[in-house]
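Engineer: sequence unavailable; structure follows:
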C-alpha cells in the first residue's frame with residue numbers, strides 16, 4: 001500500500017497490526033474543539049472521520065460544506081476530484097419511508113483504491129456499528145430469513161462470516177448460493193442451518209455445486225422477485241422492464257398481472273402464501289412457452305434492465 005496526501009492529511013491508514021489507523025482517532029467527533037480546525041477545507045478528512053466502518057456516509061454536500069467551512073460548489077468540485085481519482089464513489093440506497101420508497105444518495109470510499117488497506121488484511125472483519133448493515137448484507141439476510149426465520153441464529157453473529165465470504169468468493173457467488181439454498185430448503189420444507197454456519201468461509205456451504213447452479217424454477221424465481229431492488233417499480237409499473245439472466249421472469253409476471261394495469265392491482269400481501277402460490281404457478285406456466293414475452297410495462301416508460 002502506498003503513502004500519500006490529500007490536502008494536508010497524510011495517510012498510511014494502517015498500523016503494524018493491520019487495523020485501520022483512522023479507527024484510533026474516532027473520538028475526534030464534530031463536537032471536539034479541534035475538529036473544525038482540522039477539517040477546514042478538507043472534506044476527505046471529514047469523510048474519513050464521519051463515515052461508518054464500510055467507508056460510507058450519507059451526508060449531503062451542504063452538510064459537508066458546513067463541517068468544512070466550504071461552499072456547496074467548492075465541496076462539489078472537491079468531491080468530483082476524489083471521484084475522478086478513484087478514491088470516492090457515489091451510490092444510492094433505496095429505503096421505505098412513510099410507506100414510500102425513496103432513493104438516498106451516499107458517498108463511499110472505494111476499497112479498490114490502493115491508498116486503503118484491503119479489509120482482508122485485518123484479522124477482524126469490519127463490524128456493524130451505528131450506521132447499520134450494508135444494503136447487500138441486509139438483502140441477503142432477508143433472503144436467508146425466508147418464510148421461517150426460526151433457528152437461523154443471530155444477525156450480528158452471522159455478519160462477520162458473510163463479510164469474509166464475500167471478500168473471498170465475491171458477493172454474486174454468495175448471494176446466488178444463498179438464494180438457491182433457501183429455495184431448496186423452502187421447497188422441501190426443511191430446517192435451515194444457522195446463518196453464521198452457512199456463510200462461514202471455512203465450510204463455504206454456499207459453494208456446493210447444487211447451490212451454485214443456475215437451474216430455474218418457480219421457487220427460485222419467486223425469491224429473486226421478492227428481494228429484488230426493483231420490487232417497488234415492478235409492482236407499481238415505474239419503468240419498461242427487461243430481464244437479463246432469466247428468460248421466463250417477464251412472461252411469468254405478465255401471466256400473473258393478466259389484464260390489470262400493474263402487478264400492484266392483484267397483490268394483497270406480497271409475501272403471503274396466496275401470492276407465493278400464484279407466482280410459482282405463473283412461472284411454471286411461463287416455462288411451457290416457446291416464445292416468452294420479454295418486456296413488462298412497455299408504454300412510454302424509461303427502460304430498466306433487471307439483472308438476475
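Structural biologist: Noted; the coordinates are in hand. These numbers were taken from a predicted model, which means no experiment stands behind them. Numbers count the residues shown, from 1 in each chain.
Engineer: for residue 241, helix, strand, or coil?
Structural biologist: strand (DSSP: H, G, I helix; E, B strand; the rest coil).
Engineer: show me the protein divided up by domain.
Structural biologist: Annotated domains of the chain cover 5-121, 135-215, 229-307 [automatic domain parsing].
Engineer: residue 223: which of the ones you listed is closest?
Structural biologist: domain 135-215 (5.1 Å; Cβ to Cβ). Glycine gets a C-beta too; all of them are placed from N, C-alpha and C.
Engineer: any chance you could map the helices in the protein?
Structural biologist: Here the chain has its helices, by DSSP state H, at 35-39, 43-50, 61-68, 72-84, 135-145, 155-169, 171-188, 195-198, 209-212, 218-226, 231-236, 249-257, 273-286.
Engineer: I'd like these laid out as a markdown table, including distance to residue 115 and mean pLDDT.
Structural biologist: Formatted as a markdown table, these follow (distance: least, Cβ to Cβ, whole Å; pLDDT from 0 to 100):
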| stretch | distance to residue 115 | mean pLDDT |
| --- | --- | --- |
| helix 35-39 | 18 | 89 |
| helix 43-50 | 10 | 88 |
| helix 61-68 | 20 | 93 |
| helix 72-84 | 11 | 93 |
| helix 135-145 | 23 | 88 |
| helix 155-169 | 18 | 87 |
| helix 171-188 | 22 | 87 |
| helix 195-198 | 32 | 94 |
| helix 209-212 | 34 | 86 |
| helix 218-226 | 37 | 85 |
| helix 231-236 | 36 | 84 |
| helix 249-257 | 41 | 93 |
| helix 273-286 | 46 | 87 |
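Engineer: out of those, which is closest to residue 301?
Structural biologist: It is, among those and with distance given as Cβ to Cβ, helix 231-236, at 9.3 Å.
Engineer: got the buried residues for that closest one?
Structural biologist: Judged by neighbour count using 16 or more other Cβ atoms under 10 Å, the buried positions of helix 231-236 are 233-235.
Engineer: return the member of those residues nearest to residue 211.
Structural biologist: Nearest member of those to residue 211, counting by Cβ to Cβ, is residue 234, at 25.3 Å.
Engineer: per-residue confidence at residue 292?
Structural biologist: Residue 292 is assigned 93 on the pLDDT scale.
Engineer: ok, for it, nearest residue in space, not its chain neighbours?
Structural biologist: Leaving aside its chain neighbours, residue 292 sits nearest to residue 251 (3.6 Å; criterion: Cβ to Cβ, 6 or more residues apart in numbering).
Engineer: what residues are up against that neighbour?
Structural biologist: 286, 289, 292-294 (Cβ atoms under 8 Å, 6 or more residues apart in numbering).
Engineer: low-confidence ranges, the stretch 1-150 of the chain, go.
Structural biologist: 1-27, 53-54, 93-103, 111-112, 116-132 (pLDDT under 70).
Engineer: residues near residue 166, how many?
Structural biologist: Neighbour count for residue 166, taken as other Cβ atoms under 10 Å: 22.
Engineer: contacts only, for the closest residue to it other than its chain neighbours.
Structural biologist: With sequence-adjacent residues excluded and distances taken as Cβ to Cβ, 6+ apart, residue 166 is closest to residue 174, at 5.3 Å. Residues in contact with residue 174 (Cβ under 8 Å, 6+ apart) are 140, 162, 165-166, 199, 206.
Engineer: please redo it, this time with the cut-off set to 7 Å
Structural biologist: 140, 162, 165-166, 206 (Cβ atoms under 7 Å, 6 or more residues apart in numbering).
Engineer: residue 172 now?
Structural biologist: Residue 172 neighbours (Cβ under 7 Å, 6+ apart): none.
Engineer: could you do residue 148 as well?
Structural biologist: Residue 148 neighbours (Cβ under 7 Å, 6+ apart): none.
Engineer: and it, how far from residue 191?
Structural biologist: 8 Å (Cβ to Cβ, to the nearest Å).
Engineer: could you do residue 237 as well?
Structural biologist: 38 Å.
Engineer: so which of the two has more stuff around it?
Structural biologist: Neighbour tally, residue 237 and residue 191, criterion other Cβ under 10 Å: the higher count belongs to residue 237, 18 against 10.
Engineer: burial of residue 146, as a residue count?
Structural biologist: Around residue 146 there are 20 residues (other Cβ under 10 Å).
Engineer: wait, it touches residue 182, no?
Structural biologist: Yes: here residue 146 lies in contact with residue 182, judged by Cβ atoms under 7 Å, at a distance of 4.8 Å.
Engineer: so which of the contacts of residue 251 wins on neighbours?
Structural biologist: Busiest of the contacts of residue 251 [other Cβ under 10 Å] is residue 286, holding 24 neighbours.
Engineer: and it, what is it in contact with?
Structural biologist: Here residue 286 is in contact with 248, 251-252, 255, 292 (Cβ under 7 Å, 6+ apart).
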